[in-house]
Structure formats: C-alpha cells, structure tokens
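[1] need a structure here:
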Amino acid sequence: MKIVLNILLAGIIQLGFTQLTYAQSTLDNIQSTGIFRIGTEGAYAPFSYHDASGKLTGFDVEIGREIALHMKVKPEFVEGKWDGLIGGLDAGRSDAVMNQIAITPEREKKYSFSLPYVISKAVLITRKDNNDIKSFSDLKGKRSAHTLTNNFAQIARHYDANIIGTNGFNQEIELVSSGRADATINDKLSYLDYKKHRPDAPVKIVAADTQAAKTAVLLRKNETELKAAVDKAITEIKADGTYQRIWDKYFAEGVAE
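    Predicted structure coming up:
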C-alpha cells in the first residue's frame, strides 16, 4: 500500500511540474533564458539578408536586435525559407517572426501582431518592354511569379493571375526579366533596393496598390504579455531616434512612416 501511495504521490508531483511548465508564458521563457528567438528568411534584401561577409543583416534584423535590447535579452535569429517561417512559429521553433509580415485579416484570425513598424505599398512589376500589363486588373490570365503563401501572391490570385511558385524576390525578378513570368508583385521598398544595386535590370513598376500594407512582428495568438513588451520596445526605439537611424541606413533620407 505504501508503495502505491508513493507512486501516486510521485505522479502528482510530476503532473504539478508539467502543468507549471505549460503555464509559463512565452515572455516568461524569454526572460528566463535571456533569448528572444526571431524567425527570419535571411534572403530578402534589404530587410533580412546576408552581407558580403556572410553576416545576417537588414532592416528587419536590426529592428529585431533593438527590440530584444530594449527587452533586456539577446536576439537569436532562426533562419528558414519563407514558407516555413510561420510553421516554425506554430511549432515553437521561434517566439516571433520578422520578415516583412503584412497584417492581413486572414492572419489576424490565427495570430497576434505587434504595432506596425513599416508602412509600404505593394507594386506591380513587369519587364520594361511589356506594354500589355498596365494595372493590376491586367493580370488576369497572366503568369505572376510569387512565393506561394505570401500576401502578394494573394493579391495576384485576386486578379486571376496564374501563379508561378518561387523561392523569393530575387527569383521573381529573374523570371520577369527573362520573360518566363509576365509580372510579380512585391514591396516597393524591396524593389527600390533591388534597382539601387541592379540599375540596369530590365524591369519597371507599372502600378501601385492604393492600400498601404502595414508590417509588424508576428506572434502566436493571445501572447498578450509578449505583444505588450514588443510594442513597448518599438515605441521606445521610435521615440529615441534609433528607428529613424536604421531607416536612413537602408532607405532614402527622410522621416519614416
């Protein structure tokens, strides 16, 4: 009888520890480990990419580092392909995702978002000699190159384009430049950065979405404490000039939106 009671007691204690572990919030875990794990692509300039030395850098990466600094923890970037970033968040491989994740009604059903830290427009990009596509509505029946799960692909589908799957922005531009795709849609800031480094690329912007997209840190649903901490950090880096300094480093001089 005593043995049975000991076994039961041990089980109750173990259950208590298990429940305590599950009760620990993501923010609690970040604070206890001192590490904020941020999922990012590492292949989407100027937001998240590797420089000539191989170092991970970019606007989102630097903003992520500053957010972690203001949370008094260290950032740890978990790199992966775009299509796996959100899955990595779901699986607990990261605490957040920063890779120009646009706030959309579909995503808000399943995830939480921080305060927006970039506001930009989606632009329609074609070859310079393409005169058939002048507006988003002209995409109907045309080949549009996209990473399959991003919001730009959703815009193209809305206009009945035929989607060609890609591994990222650079491949999308290459397909358009070579004529293997008729168009692509992407962030205006990404396009301007690409043209800055590749001014002779035979591509052009033919239209811009009138609805500006808001980019934010993607979090799991109901992460209210973590959202509050991230929002506080974003507010602080905007107030102390850090955000503007990083903005000026990657984009044209001026006041960031």
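
[2] does Thr235 really touch Tyr117, like I thought?
    No - the criterion here is C-beta atoms under 8 Å, and Thr235 misses it with Tyr117 at 10.3 Å. C-beta coordinates here come from the backbone N, C-alpha and C atoms, glycine included.

[3] count of residues packed around Asp28?
    Look at Asp28: counted by other C-beta atoms under 10 Å, it has 12 neighbours.

[4] before we move on, back to that, which one's more surrounded, Thr235 and Tyr117?
    Per other C-beta under 10 Å, whichever of Thr235 and Tyr117 has more neighbours is Tyr117, with 24 against 13.

[5] That one: what's it in contact with?
    Counting by C-beta atoms under 8 Å, 6 or more residues apart in numbering, Tyr117 touches 63, 215-217, 234, 243.

[6] Give me the pLDDT for it.
    According to the prediction, Tyr117 has pLDDT 96.

[7] Likewise for the one 5 residues further on?
    Reading off the per-residue confidence, Ala122 sits at a pLDDT of 92.

[8] what's around it, how many residues?
    Ala122, neighbours per other C-beta under 10 Å, totals 23.

[9] I figured it hits Ala153, correct?
    No - contact criterion C-beta under 8 Å: Ala122 and Ala153 do not qualify, at 11.0 Å.

[10] got the contact list for the residue nearest to the spatial centre of the chain?
    Centroid-nearest residue in the chain: Asn99, 2.2 Å away (criterion: C-alpha atoms, centre = their mean). Shown in contact with Asn99 (C-beta under 8 Å, 6+ apart): 39-41, 44, 47-48, 60, 82, 85.

[11] By pLDDT, give me the weakest of those residues.
    Sorting the contacts of Asn99 by pLDDT puts Trp82 at the bottom of the list (88).

[12] now it: how far from Ala239?
    Separation of Trp82 from Ala239 (C-beta to C-beta, to the nearest Å): 31 Å.

[13] repeat for Gln31
    Taken as C-beta to C-beta, the span from Gln31 to Ala239 is 23 Å.

[14] higher neighbour count, these two?
    A direct count of neighbours by other C-beta under 10 Å for Gln31 and Ala239 places Gln31 higher, at 17 against 9.

[15] Touching both of Ala122 and Ala153, which residues are there?
    The contact lists of Ala122 and Ala153 share Ile185, where a contact means C-beta under 8 Å, 6+ apart.

[16] was I right about His30 contacting Lys72?
    Slight slip there: residue 30 is Ile, not His. No - Ile30 lies out of contact with Lys72 (C-beta under 8 Å); the separation is 9.9 Å.

[17] These two: which has the busier surroundings?
    With neighbours defined as other C-beta under 10 Å, Ile30 and Lys72 compare such that Ile30 has more, 22 against 12.

[18] Just list the residues touching Lys134, thanks.
    Contacts of Lys134 (C-beta under 8 Å, 6+ apart): 206-207.

[19] Assign Gly173 to helix, strand or coil.
    Small correction: residue 173 is Ile, not Gly. helix (DSSP: H, G, I helix; E, B strand; the rest coil).

[20] surely it meets Arg127?
    No - Ile173 is beyond contact range of Arg127, at 10.1 Å (criterion: C-beta under 8 Å).

[21] And the two? Which one has more around it.
    The residue with more neighbours, out of Ile173 and Arg127, is Ile173; 24 against 18, by other C-beta under 10 Å.

[22] okay, that one: pLDDT?
    Ile173 carries a pLDDT value of 94.

[23] same question, Ile3
    So Ile3 comes in at 51 (pLDDT).

[24] With secondary structure and pLDDT added, can I get the contacts of Tyr117 in JSON lines?
    Shown next, in JSON lines, are these (DSSP: H, G, I helix; E, B strand; the rest coil; pLDDT from 0 to 100):
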{"residue": "Ile63", "secondary structure": "helix", "pLDDT": "98"}
{"residue": "Thr215", "secondary structure": "strand", "pLDDT": "95"}
{"residue": "Ala216", "secondary structure": "coil", "pLDDT": "98"}
{"residue": "Val217", "secondary structure": "coil", "pLDDT": "98"}
{"residue": "Ile234", "secondary structure": "helix", "pLDDT": "98"}
{"residue": "Tyr243", "secondary structure": "helix", "pLDDT": "97"}
